[in-house]
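Visitor: Next come a sequence and a model predicted from it.
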Amino acid sequence: MQHYHRVEDIPAHAVPHGRLRLLSGPNLMAFWAEWDANTHVARHAHPNEQITWLIAGRMDFKIGDEPVRSCGSGSVVVVPADVPHEVWYREPCTIFEMFNPPRADLFPAIDRNPYGIA
């Protein structure tokens, strides 16, 4: 296992409405993502705890039954495991996210490749 990485050297995954780079170990996964403006991630839940740091841009976040919260650059959001949530990226956004355990449901290759590439 390689211990040192440079974000710009991590392969980028093209995803609908943006791109992301990921790095995973056995117990924690990190995403560096750039999302297009007006992107919506529909309400969903997963067994992974999630922390989202909004580095640049503006997003609206809804967790559970709480009201929608508008977040600007520098905001950090903690989403507990199994709690429904959704997000609207109102502007182009740069985010950093961490998941514990890793999101193998999205990137099953992480058990063989720390970048999630098959």
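Guide: Sure thing, it's come through. In this text, all values refer to a predicted model and were calculated from it rather than measured experimentally. Residues are numbered from 1 along each chain as shown.

Visitor: Which per-residue confidence value corresponds to the residue nearest to residue 74 when sequence neighbours are not counted?
Guide: Nearest residue to residue 74, sequence neighbours excluded (CB to CB, 6 or more residues apart in numbering): residue 54, at 6.9 Å. Bear in mind the C-beta positions are built from the backbone N, C-alpha and C, glycine included. Predicted confidence (pLDDT) for residue 54: 98.

Visitor: Dihedrals phi and psi, the residue positioned nearest the centre of the chain?
Guide: Nearest to the mean C-alpha position of the chain, counting by CA atoms, centre = their mean, stands residue 97 at 4.1 Å. Main-chain torsions, residue 97, degrees, to the nearest 10: phi -130, psi 150.

Visitor: cool, the one 5 residues further on as well?
Guide: Backbone torsions of residue 102, given as degrees, to the nearest 10, read phi -60, psi 150.

Visitor: tally of neighbours for it?
Guide: When counting by other CB atoms under 10 Å, one arrives at 23 neighbours for residue 102.

Visitor: Would you mind naming the residues that bridge with the closest residue to it other than its chain neighbours?
Guide: Excluding the flanking residues, the one nearest residue 102 by CB to CB, 6+ apart is residue 29, at 3.6 Å. With beta bridges defined as DSSP bridges, residue 29 has these partners: residue 24, residue 99.

Visitor: now the helices for this protein?
Guide: Listed in chain order, the chain contains no helices at all (DSSP state H).

Visitor: Low-confidence ranges, it, go.
Guide: Scanning the chain for pLDDT under 70 picks out nothing.

Visitor: wait, isn't the residue nearest to the centre of the chain in contact with residue 35?
Guide: No. Counting by CB atoms under 8 Å, residue 97 sits too far from residue 35 to count as a contact (11.0 Å).

Visitor: do you know how far residue 15 is from residue 113?
Guide: Per CB to CB, to the nearest Å, residue 15 is found 17 Å from residue 113.

Visitor: and residue 100, how many neighbours?
Guide: Neighbours around residue 100, by other CB under 10 Å: 13.

Visitor: Could you do residue 85 as well?
Guide: Neighbour number of residue 85 under other CB under 10 Å is 19.
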